[in-house]
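> Just a sequence and a predicted model for now, questions to come.
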There are 2 protein chains.
Amino acid sequence: MSAPSERSKRRRSTGQQPITLSDVAARAKVSEITVSRILRGVGPIADSTRERVMEAVDAMGYVPNRVAGTLASSVSSLVGVIIPSLSNIVFPEVLQGINAGLEPSGYRPVVGITDYDATTEEKLVASLLAWKPAAMIIAGFDHTPMTRRRLQTSGIRIAELMDIDATPIDLAVGLSHRAAGYDTGRHLLRRGYRRFGYVGHDWSADRRAKLRYDGLRQALCDAGHVFAGEAMTQGPSSTGAGRSMLDALLRSSPDVDVAVFSNDDMAVGGVFHCMTAGITPKRDLGLFGFNGLDIGQALPLRLSTIRSNRFLIGRMAVEKMLQQSERPGTPEIIDTGYEIVEGETA
Amino acid sequence: MSAPSERSKRRRSTGQQPITLSDVAARAKVSEITVSRILRGVGPIADSTRERVMEAVDAMGYVPNRVAGTLASSVSSLVGVIIPSLSNIVFPEVLQGINAGLEPSGYRPVVGITDYDATTEEKLVASLLAWKPAAMIIAGFDHTPMTRRRLQTSGIRIAELMDIDATPIDLAVGLSHRAAGYDTGRHLLRRGYRRFGYVGHDWSADRRAKLRYDGLRQALCDAGHVFAGEAMTQGPSSTGAGRSMLDALLRSSPDVDVAVFSNDDMAVGGVFHCMTAGITPKRDLGLFGFNGLDIGQALPLRLSTIRSNRFLIGRMAVEKMLQQSERPGTPEIIDTGYEIVEGETA
DNA sequence: CTGTTAGCGCATTCAG
DNA sequence: CTGAATGCGCTAACAG
């Protein structure tokens, strides 16, 4: 056994500490930088020394300290991810896409949840930027001026997800919710529906639902129609709210022939209401959602809806940023599109 | 404007760089360590200098570099989190609990997804430990020997979640799935069911489902019964699989009076099958799940199931570890329990 | 192909 | 109450 390096000796005196580059280098009788190079796979290395070093690494169970590495090289393999919630299945799905995109390159997501609160988001942005991430991914465009400034001046790549109905700081990946709403209207008009009811949830925290509503109303307007009725719940979207709000809608406006829901969660609730109220979807009342969630397609009657590609949104954002670590001159927008899912409820 | 420090001058020569402690100190005409102390809220500080420094901090928009801070103090505010999947809503819920527990203390989760693969888990553990997290949270007990060794020797606190049917490295938080299965059996026997069918999914990746099955079988056995039929899908659990597998079960064993599902996803599928097949739950056939998911309780008929407290599991694990940063002498186990949800399907 | 030198930005001593 | 010196563990830059 070779003598430990000066550094190692110092540390060893105070009990068992994690192995460092220095320890490995001492054991393999090379310099620290050589071990570092071998582990990072850079520069020309003699096979014999590589073998010797790898042996030492394995024997000692050395795990490089990325904190030190990041500080020294100012190249981080963390990516900040900020989403409003984990309750809404949509965001875990985006996170899956992000994870899938990051995985192969060894980047790790550091996650923050805003609870749909811009002030929380502001703090999170600062807190995550403090880790000097390689990039930042954030859902939505509703930032405080301070948040926007910090993201702007951080210099790293910034992806704003879900939405492309606004100008991003750097990169936007998502779909046009306004267009999706408009196409919902066109589609349902084509199918012969005329008396539209809307079942929604609180917009203040969900700008995208509002955009879809606006698009839908525009489509109706362009065809010379208006909403025949609306029912909005106060809180966030949920299956339970969908049930009760469809009930409320049908009481106040019994003559609607189609109910458009703010999303699939709400729409699934609507389907459940029909089941208990003896209403046959499509024949008696059209039901239309948004998102294309699995649960909607697993219903006894497949939900008619629009598929937003959440996984793809996450993965695309990551791939785009990994592929070019510098911000382009002008903000870029990637449209991941959407598809109408015919289903059996409209 | 005061003269920049030596360090700042050096950096400034190569274009716009992020603000450092040095810059703030120079502007406030104090030493770096004073700024550091003020920002961390340690030591006695004169009000006048604090004001002066905070002014500089705000004016320059200084954000401390946690990478450097962590290296210098070897006190990290990252927590590694390893879960098998994000598709199964159960894990985002655990993650919510983890996040809720971490939030107030400013710790941030760094997330890894194993896809139920022990080798992936092994790599993730090494990769996350490289960030010198303050603690590590990992779902389940099925680790490779190497993974276990790394977690063991890392010295940081380790929480193994979901399950308490095994001895943890340090801390286990969850429920006894075996007991939950057993109680499911007792409960249904008490309600008069005798001819039990089981509808399950692939166990190889879900040891806990197997444990519940074993517990259930034990309860039947203790009462002198056996399963009247079983139907297992090859892949993971899903609503779709629940539908088709209940169908399969009823074809092969038409005389079962209750179907126990491996979890709520499967059970909801079972309820959907009943709806299309003209079977009235409870009257014609009992249906019982596991997890107590929202979707089950939002069905036209509330699903009979067992509530596992996923959010609580995540939060408890975090709180326990934050409260004591040293590992206790002997592994500790926290039972977050479960409750039978009577529901309307059994 | 390998080593030396000099930091990365901050926090921990230890002095005043 | 404040500061100077030193090093956390690693890597960039420049020798040889």
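Cool, the structure landed.
> For DNA strand C, what's its nearest residue on chain A.
Taking Cβ to the nearest atom of the strand, DNA strand C has its nearest neighbour within chain A at residue A:44, 3.0 Å off. Backbone N, C-alpha and C define where each C-beta goes, glycine included.
> Pull up the gap between that residue and chain B, please.
25 Å (Cβ to the nearest Cβ, to the nearest Å).
> what about that residue, how many neighbours?
Residue A:44 is surrounded by 5 other residues when neighbours are defined as other Cβ atoms under 10 Å in any protein chain shown.
> where does it land on pLDDT?
We note a pLDDT of 88 for residue A:44 in this prediction.
> And for the one 3 residues further on?
According to the per-residue confidence, residue A:47 scores 91 in pLDDT.
> So for whichever helix in chain A runs longest, mean pLDDT?
Using DSSP state H to define each element, chain A has its longest helix at helix A:207-222. What helix A:207-222 shows for mean pLDDT is 97.
> Repeat that for stretch A:167-176.
Throughout stretch A:167-176, pLDDT has a mean value of 96.
> One more: stretch A:227-235?
Stretch A:227-235 shows an average pLDDT of 95 in the prediction.
> Give me the most central residue, chain A.
For chain A, the residue nearest the mean C-alpha position is residue A:94 (3.5 Å; Cα atoms, centre = their mean).
> Give me the helices and strands touching the longest helix of chain A, please.
For helix A:207-222, the contact count by 3 or more Cβ pairs under 8 Å, 6 or more residues apart in numbering or on different chains; DSSP states H and E identifies strand A:157-163, helix A:177-190, strand A:196-200 as packing neighbours.
> could you redo those as CSV and give each row distance to DNA strand D and mean neighbour count?
Compiled in CSV, those are given as follows (distance: least, Cβ to the nearest atom of the strand, whole Å; neighbours: other Cβ atoms under 10 Å in any protein chain shown):
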stretch, distance to DNA strand D, mean neighbour count
strand A:157-163, 19, 26
helix A:177-190, 42, 20
strand A:196-200, 52, 27
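> that older thread, does the residue nearest to the centre of chain A touch residue A:162 like I think?
Yes: taking Cβ atoms under 8 Å as the contact criterion, residue A:94 and residue A:162 are neighbours in contact, 7.5 Å apart.
> list the residues that contact both of the two?
Taking Cβ atoms under 8 Å, 6 or more residues apart in numbering or on different chains as the contact rule, residue A:94 and residue A:162 both touch A:139, A:313.
> what about residue A:234, how many neighbours?
Taking other Cβ under 10 Å as the criterion, the count of residues near residue A:234 is 8.
> And it, how far from residue B:336?
Computed as Cβ to Cβ, to the nearest Å, the residue A:234 to residue B:336 distance reads 31 Å.
> Using JSON lines, lay out the helices and strands packed on helix A:207-222 together with distance to residue B:341.
Shown next, in JSON lines, are the helices and strands packed on helix A:207-222 (distance: least, Cβ to Cβ, whole Å):
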{"stretch": "strand A:157-163", "distance to residue B:341": "34"}
{"stretch": "helix A:177-190", "distance to residue B:341": "36"}
{"stretch": "strand A:196-200", "distance to residue B:341": "27"}
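> Would you mind putting the ones you listed into TSV with distance to chain B alongside?
What follows is those, written out as TSV (distance: least, Cβ to the nearest Cβ, whole Å):
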stretch	distance to chain B
strand A:157-163	15
helix A:177-190	23
strand A:196-200	15
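> looking at the ones you listed, which is closest to residue B:308?
Each of these was checked against residue B:308 via Cβ to Cβ, and the shortest separation belongs to strand A:157-163, namely 30.5 Å.
> Could you tell me which residues within stretch A:55-73 count as buried?
Within stretch A:55-73, the residues that count as buried by 16 or more other Cβ atoms under 10 Å in any protein chain shown are A:56-57, A:62-71.
> what's the span of it, first residue to last?
This stretch, stretch A:55-73, spans 26 Å end to end (Cα to Cα, to the nearest Å).
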